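# Any chance you can model this:
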Amino acid sequence: MTRPTTHHSSNRPARRHVLATAAATVLGLGALHSTAALAQAPAYPTKAITFVVPFAAGSATDQLARALGQSITNDTKQPVVIDNKAGASGMIAAAAVAKAPADGYTVLITTNTTHAANEHLYKKLSYDPVKDFAPLTGLGKGGQVLVVNAASPHKTVADLVAFAKKNPGKLSFGSGSSSSRVAGEMFKQMAGVEILHVPYRSNPFAITDLLAGQIDLMITDTSTGVPQVKAGKLNALGYSTQKRSAQLPDVPTIDEAGVKGYDMGYWFAAYAPAGTPAPVVARLNQLLGAATQSTVAKNFFDNAGSEAWRTTPDDLAKFQAAETVKWGKVIKAAGIEAE
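This next block holds a predicted model:
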């Protein structure tokens, strides 16, 4: 009996090289053991990838997604489409990705808002932050800046706190993400003041109202707030982590400014729908990890006052679990009732 011929005999050396490369990558991540599955990895991606962003165009997450997408397009020659699904503290976007086909062509570029904080802020979620997703990699970490309108009479954190103590509930703060919301609530708790919270769909919308004098302050991501500070439209009173921002070296941390012990940062990460094939998860981890080191991403991190942060899928899952506990404690301590 004659054996059927294959169409790949002349490409065996190249094919062995591709399989070896894919195997090394996957074994390094501990994500795959099947040689048959590995053979699928080199085929991805063969079409456009959609990055779903839970916040509006112009937000820090949106800017990062676009930077990463540009790098991945350069690497793969496949387009990356940015789909902004702002609203409901990221739940609209997260639910959409959770229900998307698990083929690697829909990726959630998100933050601690959807994957650590929301389950403590809402009584019912339209997605499960653990069961509905395949962790891909961490992307970046950063801090936030407390800003007021340039015309505000409050020039320091001490000014702000003193006024708020004498006038409970008269000041208002805006937020368009859980990071911003919890940072504001934590400030209220630790400073011992009452400030009215005004929710927004995304931080850029809150900034718009802050510039118009509709709200008094907010604690926002630096990529959204710092450009307005440098343009002279907002004043920065404090930085949210224990280390000063390289972008605003003369701005004290909120801790230094008098609210002792204050420390609240944020993080970015990428997730695919649960059930995404292991070779595709490994490939996305590789592509996204490389993209965080690209020139365009480095420019974003430098401008945003944040830094690149790469992980394996397993390490992201463990980090997310620990962060969920941490954010739950902060939210409970801040007295925030689930909506």
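# Name the residues that touch the longest helix anywhere in the chain?
Longest helix in the chain, counting residues (DSSP state H): helix 313-333. Helix 313-333 is contacted from outside by 29-31, 112, 115-117, 119-121, 129-130, 134-138, 178, 182, 185-186, 189, 264, 267, 269, 281, 285, 311, using CB atoms under 8 Å, 6 or more residues apart in numbering. Where you see a C-beta, it was placed from the backbone N, CA and C, and this is true even at glycine.
# Tell me which entries of those residues lie within strands.
134-138, 267, 269 (DSSP state E).
# Can you show me the strands along the chain?
49-53, 80-84, 106-111, 133-142, 144-149, 172-175, 196-199, 217-221, 234-239, 266-273, 307-308.
# What is the last one packed up against?
In other words, strand 307-308. Using 3 or more CB pairs under 8 Å, 6 or more residues apart in numbering; DSSP states H and E, the elements in contact with strand 307-308 are strand 133-142, helix 295-304.
# Buried deepest among those, which one?
Stretch with highest mean neighbour count among the helices and strands packed on strand 307-308: strand 133-142 (a mean of 24; mean count of other CB atoms under 10 Å).
# tell me the angle that one makes with helix 295-304.
50 degrees (axes from the mean of the first three to the mean of the last three CA atoms, to 10 degrees).
# Only the C-alpha atoms, please, for strand 133-142, written as PDB.
Output of strand 133-142 as PDB, limited to C-alpha atoms (Å, rounded to 0.1, in the frame of the first residue of the first chain):
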ATOM      1  CA  PHE A 133     -11.500  35.100  31.600                       C
ATOM      2  CA  ALA A 134      -8.100  33.600  30.600                       C
ATOM      3  CA  PRO A 135      -5.400  35.900  32.100                       C
ATOM      4  CA  LEU A 136      -2.800  36.900  29.500                       C
ATOM      5  CA  THR A 137      -0.200  39.200  31.200                       C
ATOM      6  CA  GLY A 138       0.200  42.300  33.400                       C
ATOM      7  CA  LEU A 139       0.900  45.400  31.300                       C
ATOM      8  CA  GLY A 140       1.700  48.300  33.600                       C
ATOM      9  CA  LYS A 141       1.500  49.900  37.000                       C
ATOM     10  CA  GLY A 142       1.200  53.600  38.100                       C
END
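# Lovely, talk soon.
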